[in-house]
Every structure is written in C-alpha cells, then in structure tokens.
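K.L.:
please work out how this folds:
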Amino acid sequence: MPKATQIGASAAPDIPQGGEGDFVKKVLFWVAVGMVLWFLFSLSRPSQTIKGEGVFDLQRQPDGHYYLRGYLNGQPAEFMVDTGASVTTVSQPLADKAGIRACVPRNFVTAAGPVVGCVGKASVIQLGEVVLHGYEVAIIPGMVNDGLLGMDILGRLKLEQKDDIMRLSVRQ
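P.N.:
Residues are numbered from 1 along each chain as shown. Here you go, the predicted structure:
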C-alpha cells in the first residue's frame, strides 16, 4: 500500500521534552517559593510601628545637644537626639534594666571611632504619648548617657529647629 501524504499541512517542528509548559511551571514554582520566604520573613521580623500624637519642644542644653525623656521597655531613659546616628543606641546598663537579653554582635562606626557592640530588640520605646514597637537598638558598652535617638526613629518624625528650640512631632 502506498504511503499517505498530507497535502497542505506543514510539518510541525519537534518540541523537545520540557518545553513551554515546563518553563511556566518552573517560573511559578520559584514565584511561590519567593512568596513563602517573604511571608516567613515578615513573621519573624515584626513591623516597626509608631502610634500616638505628640509634639516635643526641646531646649538646647549647655552642652549643645537636645535631650528627650522616655522609656525603653518600661525603664526610664534620657535619649540624646542624634541626627548623625543611623540607629537608636542604648547603654549596656539601660539594656540590662530593660530586659534586652538576646543580642547579636556587630561592629559600629561612631563619632568616637569604631566600637564593638550588639543589636537587640526593644519591645516598646515610649516618648511621651508616642509609642514605638518593634525597633532594634544598638547596645554599646561604655556609653556615658542612657542612649541616642537615631535616624531610624527620628526619620519617622518631623524635625524643626529654630534658634535654641528643636520641635519633634509625629508625621501626619
């Protein structure tokens, strides 16, 4: 019997195993993996929140700095406002009183030069009626004051300065 020939039909190119369908499945798999990792990461690192209203008018002190009284995990503290500090920093004695035990070692570059400290989690930082949750703080041994309020928190506030008064307020 003679071989049948199709007329008008072009020969389809051979699609190798693992073609377009497998590519789409692989992309969807990696997107799903990324979403799961993002979700797990967001659970392990609580978001930083700032709640409350408040306006703080701070008088420049004789040493040229501005100070703000507050609380770290319920412990009274006096924070020096430091726009040159990228992260809020506390002394070892204040961290101990505030119950910050878990601390990851880290090197810091400060105005006084490089130092070795660690980073811990503050459950609550309270400044007047302003309450901040979920912030990490640098713990530096040998600090002479309670702490520095760094740009991780100050960046969430509105800062205004006129003459010897610095006004801090919650951004609306």
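
K.L.:
distance check, M151 against A85.
P.N.:
Applying Cβ to Cβ, to the nearest Å, the value for M151 to A85 is 7 Å. Placement of C-beta: from N, CA and C, glycine included.

K.L.:
what of Q126?
P.N.:
Q126 sits 19 Å away from A85, going by Cβ to Cβ.

K.L.:
right, and R167 touches L157 too?
P.N.:
No. Proximity of R167 to L157 does not meet the contact threshold set by Cβ atoms under 8 Å, at 9.6 Å.

K.L.:
for these two, indicate the residue with more neighbours.
P.N.:
Set R167 next to L157 and count neighbours by other Cβ atoms under 10 Å: L157 wins out with 20 against 14.

K.L.:
I'd say the more buried one and M166 touch.
P.N.:
No. L157 is not in contact with M166 according to Cβ under 8 Å; the separation is 10.6 Å.

K.L.:
pull stretch 59-78 out as CSV, backbone CA atoms only.
P.N.:
Extracted in CSV, the C-alpha atoms of stretch 59-78 (Å, rounded to 0.1, in the frame of the first residue of the first chain):
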residue,chain,number,x,y,z
GLN,A,59,15.5,73.3,74.6
ARG,A,60,19.2,73.1,73.6
GLN,A,61,21.2,72.2,76.6
PRO,A,62,24.5,73.9,77.7
ASP,A,63,26.5,71.0,76.0
GLY,A,64,24.8,72.0,72.7
HIS,A,65,22.6,68.9,72.5
TYR,A,66,18.9,68.2,72.7
TYR,A,67,17.5,65.5,75.1
LEU,A,68,14.2,63.7,75.3
ARG,A,69,13.0,61.7,78.2
GLY,A,70,11.2,58.5,77.5
TYR,A,71,11.1,54.8,78.3
LEU,A,72,12.7,51.7,76.9
ASN,A,73,10.6,48.6,77.7
GLY,A,74,9.2,50.5,80.6
GLN,A,75,12.5,51.7,82.0
PRO,A,76,13.0,55.5,82.3
ALA,A,77,15.7,56.8,79.9
GLU,A,78,17.0,60.1,78.6
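
K.L.:
thinking again about what came up before, comparing Q126 and A85, which residue is more hemmed in?
P.N.:
Between Q126 and A85, counted using other Cβ under 10 Å, the more crowded position is A85 (21 against 18).
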